[in-house]
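Q: Sequence below, structure please.
(one chain, ligands or ions: 1)
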Amino acid sequence: MRIVMIGPPGAGKGTQAKLLQERVGVPQVSTGDMLRDAQRRGTTLGKQTEEFMLKGSLVPDAIVIGVVEERLAEGDCADGFILDGFPRTVEQARALDEQLRRRGESLDAVLSITVPEKELVRRLSGRMMCRSCGAPHHRDFDRPATPGRCNRCGGELYQREDDREDRIALRMAQQIGDMAPVIAYYRATGVLHEIPGVGPRDEVFGRLAAALA
Ligand code: AP5
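A: Numbers count the residues shown, from 1 in each chain. As a prediction, this is how the structure comes out:
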């Protein structure tokens, strides 16, 4: 299955994409994770993108489109993928369609997760990420069983640089309205499902799974 998962920062894309990859058996492809990994390794891509992410703005289309094109060309994406956080602009959506068209493929579903802004801020400010597997946790909603350790793989938990209070405000201000044109683009294609993202994690997952059935 070829699935796109979109939504504002903190909507639960990463949380749900990880659950979905276990159910569907295709890899999660998270642009945020790939960019953070490049920054950790100090690569050219990491250096090119760090400033944008710390300012809470989107990384330029040309860079992100290239990263995703390369990743989707890898063998493990041959039977499908769950794109998490891409596309975020109409230009990215068109580039993805074009890459799939060249392969004779198309998207099966676009899952757009909607969550009110106040709840997004609560989620981001309490989030802790696993350094090893990238699984998001939350100090209230998804507590680690062992303090500071990932429930999934036991890796070390940390707070993302862009989850600091001042940076959350920047991301909200710059990105919250950005998705509207992308949602309109996919609404016209007939593969869009708008999924309310409020409620327990497993309940939200049930809504996503029902949309894919
Ligand atoms: P990215 O890493 O994609 O960040 P984001 O879109 O801001 O989304 P988040 O990862 O913050 O949230 P999420 O929706 O995955 O929520 P999560 O599941 O973690 O991108 C980072 C940056 O990279 C961007 O700002 C941009 O600069 C750049 N970038 C990335 N892609 C780009 C692109 N395509 N184009 C240009 N630039 C790009 O959940 C959040 C918290 O809520 C967690 O603590 C979780 O435990 C909790 N939670 C989850 N579900 C629930 C629930 N149902 N109830 C209560 N709590 C919940």
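Q: what's the next secondary structure element after the helix or strand bottoming out on mean pLDDT in the chain?
A: Least confident element among the helices and strands of the chain, by mean pLDDT, DSSP states H and E: helix 165-175 (a mean of 87). Using DSSP states H and E, the helix or strand that follows helix 165-175 in sequence is helix 180-187.
Q: Can you name every helix or strand that that following helix contacts?
A: With contacts taken as 3 or more CB pairs under 8 Å, 6 or more residues apart in numbering; DSSP states H and E, helix 180-187 sits against strand 2-6, helix 90-102, strand 109-114, strand 192-196. Bear in mind the C-beta positions are built from the backbone N, C-alpha and C, glycine included.
Q: any residue of that helix up close to the ligand?
A: No: judged by CB under 6 Å from any ligand atom, helix 180-187 stays clear of the ligand, getting no closer than 9.7 Å.
Q: for that helix, what is the average pLDDT?
A: What helix 180-187 shows for mean pLDDT is 94.
Q: chain center to it: distance?
A: Centroid separation between helix 180-187 and its chain, computed with CA atoms, centre = their mean, to the nearest Å, is 17 Å.
Q: Tabulate the CA atom coordinates of that helix in PDB.
A: This file holds the C-alpha atoms of helix 180-187, laid out as PDB (Å, rounded to 0.1, in the frame of the first residue of the first chain):
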ATOM      1  CA  ALA A 180      -4.800  23.700   3.500                       C
ATOM      2  CA  PRO A 181      -3.600  23.800  -0.200                       C
ATOM      3  CA  VAL A 182      -2.300  20.300   0.100                       C
ATOM      4  CA  ILE A 183      -5.500  19.000   1.600                       C
ATOM      5  CA  ALA A 184      -7.500  20.700  -1.300                       C
ATOM      6  CA  TYR A 185      -5.100  19.100  -3.800                       C
ATOM      7  CA  TYR A 186      -5.800  15.600  -2.400                       C
ATOM      8  CA  ARG A 187      -9.500  16.200  -1.900                       C
END
